[in-house]
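Novice: sequence first, predicted coordinates after that:
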Amino acid sequence: MTVQPIRLFGDPVLRTPATEVVDFDKELRTLVSDLWDTMEQQGGAGLAAPQLGVGLRVFTYHCDGVGGHVVNPTWTVIGDETQYGQEGCLSIPGVSRDCTRHRNVVARGWNMHGEPIEIEGSDLLARCIQHETDHLDGVLFLDRLDEQTRKDAMREIRGASWFEGAAPVIKQNPHPLFGAR
């Protein structure tokens, strides 16, 4: 078991888009193992490689009784239903807010051996897939909040004992939701 430290809000790696994985080798398998062990130890539903300081497009997930990993993920929406509910992040400990996400998505990518995989998720799993893929694009769930809710969350972050005062960066979300970016 290799549990790694999780990078916290303010670390630039969380705002940097991750690069595609091209080598499906032992190092990738070690990264997936570290992501899994760290996510499980922290009790998270998912964990993306940038949260461990690694700028590769990989995440692990374990929610709704389903667990695994996806390398170089993409996702598409199934239907037009959305969900509005609590969302938090292991890189922003203790802060959660209601956030809108698509209710049903399908993610496609590869496993650590370079074999194609597909995961269809609803509710929490769909939220997790969207949240972790956002991490790979340098987007945090805070970026999906309305202005007032984001201000409230930022106030809570600035008061958190773990926060070191880094200047917040709010990014434009590269994934459209409701036809807007």
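Specialist: Looks like it arrived, so ask away.

Novice: make it CA atoms for all contacts and neighbour counts henceforth
Specialist: Fine.

Novice: now do the helices in the protein.
Specialist: 26-42, 123-136, 147-158 (DSSP state H).

Novice: closest one to residue 49 among the ones you listed?
Specialist: Nearest of the helices of the chain to residue 49, taken as C-alpha to C-alpha: helix 26-42 at 6.9 Å.

Novice: how about the closest one, which residues are buried there?
Specialist: Across helix 26-42, burial judged by 16 or more other C-alpha atoms under 10 Å covers 28, 31-40.

Novice: centre of the chain to that helix, how far?
Specialist: 15 Å (C-alpha atoms, centre = their mean, to the nearest Å).

Novice: quick one on the thing from earlier: just the buried residues of helix 26-42 now: which is nearest residue 114?
Specialist: Of the buried residues of helix 26-42, the one sitting nearest to residue 114 (C-alpha to C-alpha) turns out to be residue 28, at 10.3 Å.

Novice: distance of residue 4 relative to residue 120?
Specialist: 28 Å (C-alpha to C-alpha, to the nearest Å).

Novice: ok, back up a step: kindly reformat the helices of the chain as TSV containing mean pLDDT.
Specialist: Shown next, in TSV, are those (pLDDT from 0 to 100):
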stretch	mean pLDDT
helix 26-42	98
helix 123-136	98
helix 147-158	96
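
Novice: can you pull the contacts of residue 31?
Specialist: Remark: with contacts taken as C-alpha atoms under 8 Å, 6 or more residues apart in numbering, residue 31 is in contact with residue 49.

Novice: ok, now with 7 Å
Specialist: By C-alpha atoms under 7 Å, 6 or more residues apart in numbering, residue 31 lies in contact with nothing.

Novice: pLDDT wise, what is residue 179 at?
Specialist: With respect to pLDDT, residue 179 scores 48.

Novice: for residue 64, that is, sorry about that
Specialist: 86.

Novice: quick check: it touching residue 123?
Specialist: No. Residue 64 is not in contact with residue 123 according to C-alpha atoms under 7 Å; the separation is 8.8 Å.

Novice: out of the two, which sits in the more crowded spot?
Specialist: Shown here are residue 64 and residue 123; by other C-alpha atoms under 10 Å, residue 123 has more neighbours (17 against 12).

Novice: for the more buried one, which non-adjacent residue is spatially closest?
Specialist: residue 103 (5.2 Å; C-alpha to C-alpha, 6 or more residues apart in numbering).

Novice: backbone dihedrals for the one you found, please?
Specialist: phi -80, psi -30 (degrees, to the nearest 10).
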